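# build me a model:
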Amino acid sequence: MTRDRRGYTLLELMVCLPLATLLIVGAGSSVYIASKASVQDTERIARREGAFVAHRLAQDLREATSFAVHSDQAAEFSVPDRDSDGVPETLRYAWSGTAGDPLTLCVNGSAPASLLPQVYQFHLDYVTKTAVPSPHAEEEVKLISHDDAPGGSLKDFKVDTGHPCAQYLLPTLPQGASKWSLSCVRLMAKTDAGTDGVVRLNITTATPQGKPSTTILSSATFREVDLGSAYAWVDVRLPKIENLDIGQGVCVVLKAESGGGGVAKIAFEENGAPMTPSTSWMTSGNGGATWTNAVDHQDMRFFAFGDFDAAPVERSFIIGTRGSLQVSATAELSGFATSILNAPEIE
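Got it, this is the predicted structure:
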C-alpha cells in the first residue's frame, strides 16, 4: 500500500533553495533595472521639455520690442501682435529662485501658467550696448505737427483782410534739449478762387493765454496764384528763429497782405481723438486786434520744422540674451542664447 507524502525530503530542499534564491535575485534585479529605467525616462522627458521651453523663450526674446522687466530670473517684454487685434502682446517668464519651483509664463497679464513644473536653476543675462546720439543742432527735423486725427472734422477758414487765423504751438522735445529753432511751416491751403492775393505768415511770441502778441519773430509770404483749387501742402520757409527757450511757445499767424476778398482758405480740424498736445487754434474778426480764446479741440493742419540743441544723453539697448536652465537636481545645466532683432532701449 502506498503512503501519502506529507513534506519534502532533505534532498529536495537542498535542490530547491538555491533555485529559489536565484529566482528572487533575478526578480529583484529586474525591478531595480525597471525602476532605474523609469527614472531615466522621466529625466529624459524633463530634459526634452526643458529644451523645448528654452527654445520657445529664446524665440520670444528674439522678437522683443520693449522690456518692462529684465532681471536674472524674470523677463517681461512686448512682442508684435500675434492674435490680430492690432495690439502687441506682453509676455512674462519668471522663476521664484527656489529649487523645485516651476518656471511660469504670463500672457497679457493673465494668471501665471506653469511651463516646467520643477526647475532647479534658471538664469538670464542680457547683452547690451550703449550709444550717445549726436545733438540735432544744424539738422532740420519735424518739431511738432497736427494732421487728420481719428474722428476729427476737417474744416476750412477763409483768410481776408479782416479775418486772420493763428495756431499756437510748443514742441515736446527730447530729454536734454535746451533751446529750439524754427525755420519752416508746412500748412494745408487752397485758393479762394482769386489770383491777386498775398498771404503773410508771421511767427510771433505768445501771450500767457497762448494768443499772438505784437512781437514778430520772423515773417514770410506766399501768393494766392500759386495755390491750387484743391487743398495741398504749402511749405513756407522763414528767416530762422533761433535760441527759443525750451518752454517758449510761438504763434503762427496768417493774414491777408493784399488782394480783394478772400486770399486763401486754410484747413483746420476739430474734435479729433487725440488732438496734438500743446497746440491750439484761434481766429480774429477785426484784423488781429483781438483773438478768440485758444482752444485745444481745434488745430490747424500743420508741420513745424527746425532744430534743437541737446546735450548728449547716453542710451542703452538690449541686443541679445543668454540663459541657463536646470530641470532636475541631477540634470546638467543647459544653455541658450539669441540676438534681439529690434534692440529695444532700456532705462
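# residues near residue 262, how many?
19 (other C-beta atoms under 10 Å). Placement of C-beta: from N, CA and C, glycine included.
# residue contacts, residue 54?
323, 325, 334, 336 (C-beta atoms under 8 Å, 6 or more residues apart in numbering).
# among those, name the buried ones.
323, 325, 336 (16 or more other C-beta atoms under 10 Å).
# inside helices: which ones of the contacts of residue 54?
The helices, defined by DSSP state H, take in nothing from those.
# list the buried residues for stretch 276-292?
Neighbour-count burial for stretch 276-292, counted by 16+ other C-beta under 10 Å, picks out 276, 279, 280, 281, 282, 283, 284, 288, 291.
# hmm, back to that, what's the farthest-apart pair in the contacts of residue 54?
Pairwise distances among the contacts of residue 54 were taken by C-beta to C-beta; the largest, 9.2 Å, belongs to 323 and 334.
# ok so, going back, distance to residue 347 added to the buried residues of stretch 276-292, as a markdown table?
A markdown table is the format used below for the buried residues of stretch 276-292 (distance: C-beta to C-beta, whole Å):
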| residue | distance to residue 347 |
| --- | --- |
| 276 | 26 |
| 279 | 28 |
| 280 | 32 |
| 281 | 36 |
| 282 | 39 |
| 283 | 43 |
| 284 | 46 |
| 288 | 46 |
| 291 | 42 |
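# in strands, which of the residues you listed fall?
279, 280, 281, 282, 283 (DSSP state E).
# can you verify residue 45 is assigned to a strand?
No. Residue 45: not assigned to a strand; according to DSSP: H, G, I helix; E, B strand; the rest coil it is helix.
# okay, now it: neighbour count?
Residue 45 has 11 nearby residues by other C-beta under 10 Å.
# any idea how far it is from residue 115?
For residue 45, the distance to residue 115 equals 14 Å [C-beta to C-beta, to the nearest Å].
# how near is residue 265 to residue 288?
On the measure of C-beta to C-beta, residue 265 and residue 288 end up 18 Å apart.
# oh, I was asking about residue 124
62 Å.
# once you drop chain neighbours, what's closest to residue 305?
Distances taken as C-beta to C-beta, 6 or more residues apart in numbering place residue 184 nearest to residue 305, at 4.2 Å, with adjacent residues excluded.
# so who does the one you found touch?
Counted by C-beta under 8 Å, 6+ apart, residue 184 has contacts 140, 235, 236, 237, 238, 304, 305, 306.
# how about those in a markdown table, adding neighbour count and secondary structure?
As requested, these are arranged in a markdown table below (neighbours: other C-beta atoms under 10 Å; DSSP: H, G, I helix; E, B strand; the rest coil):
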| residue | neighbour count | secondary structure |
| --- | --- | --- |
| 140 | 13 | coil |
| 235 | 11 | strand |
| 236 | 19 | strand |
| 237 | 13 | strand |
| 238 | 19 | strand |
| 304 | 23 | strand |
| 305 | 19 | strand |
| 306 | 23 | strand |
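# so residue 264 makes contact with residue 159?
Yes. The pair residue 264 / residue 159 is scored as a contact, 5.1 Å apart, by C-beta atoms under 8 Å.
# give me the common contacts of those two.
Joint contacts of residue 264 and residue 159 (C-beta under 8 Å, 6+ apart) are 192, 199, 254, 256.
# and the nearest residue to the first one once chain neighbours are set aside, which helix or strand is it part of?
What sits nearest to residue 192 in space, not counting adjacent residues and going by C-beta to C-beta, 6+ apart, is residue 262, at 3.4 Å. Taking DSSP states H and E as the criterion, residue 262 maps to no regular element, lying outside all helices and strands.
# which residues touch residue 262?
Each residue near residue 262 by C-beta under 8 Å, 6+ apart is listed here: 158, 159, 160, 192, 193, 194, 197, 256.
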